[in-house]
Structure formats: C-alpha cells, structure tokens
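**Q** Based on what follows, work out the 3D shape:
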Amino acid sequence: MNIEALRKIFSRKTHGENKSVKPSIEEAISRWENDTDRNIEGYKIVRGLDSKPVEVVLEKSGKTPVFAIHINGKSREQFQISGEMQSLNQAMGNLTFEQFLKSNVFNGWYELRGIQRLDAQVNKTHQGFVFGLPGTQPDTFPVNFRAA
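**A** This is a model prediction of the structure:
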C-alpha cells in the first residue's frame with residue numbers, strides 16, 4: 001500500500017469520526033434552549049442544586065423497566081411506565097411538592113413540563129432531561145402545627 005492510499009484511508013476515518021461526535025451535554029442544552037423554532041415557549045432544562053441538569057435514567061431494564069429522576073447526584077423518584085410503581089406524572093408531582101415544601105430540590109423555581117431528549121454525549125442509561133418554565137418562587141405562609 002502506498003502513502004497516498006494510507007492518507008485517503010486515514011482522512012476518511014478521521015472525517016467519519018468527526019461527523020459522529022456528538023456535542024457535549026451543555027452544548028446540546030444551550031442549542032435547544034436557544035432554538036426558537038424547536039423551543040418556541042422558551043423552556044429551560046431544569047437543574048439541581050448542584051447546577052447539573054436533572055435527567056431521567058433507566059434503573060432496571062426488562063419486561064417492566066424502572067426509570068428514575070436523577071437529581072443532585074442521586075436518584076430521587078423512581079417510576080415505571082406500567083406496573084405498580086408510581087407514574088411519571090406522580091414522580092414529577094412529588095418533586096414539585098418537595099420543592100414547594102423544602103425549597104431545596106432545584107436550582108431555582110420551575111414549573112415542570114416534561115422530558116426532552118437531546119443528541120448529546122450521555123451514558124447508555126440516559127433517557128432525557130427534565131424541562132420546564134423558570135419562574136419566581138411562590139409566596140409561602142407559616143403554618144402552625146399542633147399535635148392532637
């Protein structure tokens with residue numbers, strides 16, 4: 001094989017590899033959040049207190065897969081699509097309720113809207129990022145609790 005043939009093979013391989021390289025998570029998030037054609041409502045990817053995106057991950061595959069919402073370095077809410085565990089709506093509702101009660105789940109206040117898949121460098125268990133509308137924290141009122 002001559003040097004010219006090797007050069008062609010090497011350049012094709014490099015070119016092919018560059019085409020298949022996916023953007024980083026932060027690049028993909030930034031593109032989606034700023035894309036006014038795909039994200040007309042101006043949604044944002046929700047972030048935890050650790051400033052990392054909140055994501056849905058596959059915890060257990062099989063006939064009845066188990067998914068979880070991964071936030072602040074751990075899986076907070078587990079759910080199944082079908083079966084006895086809670087639904088996705090319940091899991092997201094529980095996160096919203098926890099945020100409302102404790103104010104320590106998300107980095108900011110969000111109205112959760114759904115899950116967004118992005119073409120990015122993610123691991124095999126990744127299923128998508130939680131997204132919503134950022135807003136201001138609602139007013140809270142003190143509650144007096146008396147044990148019966």
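
**Q** Report the secondary structure element holding the closest residue in space to Gly108 that isn't next to it in sequence.
**A** Distances taken as C-beta to C-beta, 6 or more residues apart in numbering place Pro134 nearest to Gly108, at 5.9 Å, with adjacent residues excluded. Every residue, glycine included, has its C-beta placed from N, CA and C. Using DSSP states H and E, Pro134 sits within strand 126-135.

**Q** That strand pairs with which strands?
**A** strand 44-45 (antiparallel), strand 55-60 (antiparallel), strand 109-116 (antiparallel) (DSSP bridges).

**Q** most neighbours per residue, which of those strands?
**A** strand 44-45 (a mean of 20; mean count of other C-beta atoms under 10 Å).

**Q** which stretch of helix or strand covers the residue lying closest to Glu77 once chain neighbours are set aside?
**A** Leaving aside its sequence neighbours, Glu77 sits nearest to Ala91 (C-beta to C-beta, 6+ apart; 3.8 Å). If you go by DSSP H and E, Ala91 is part of helix 88-102.
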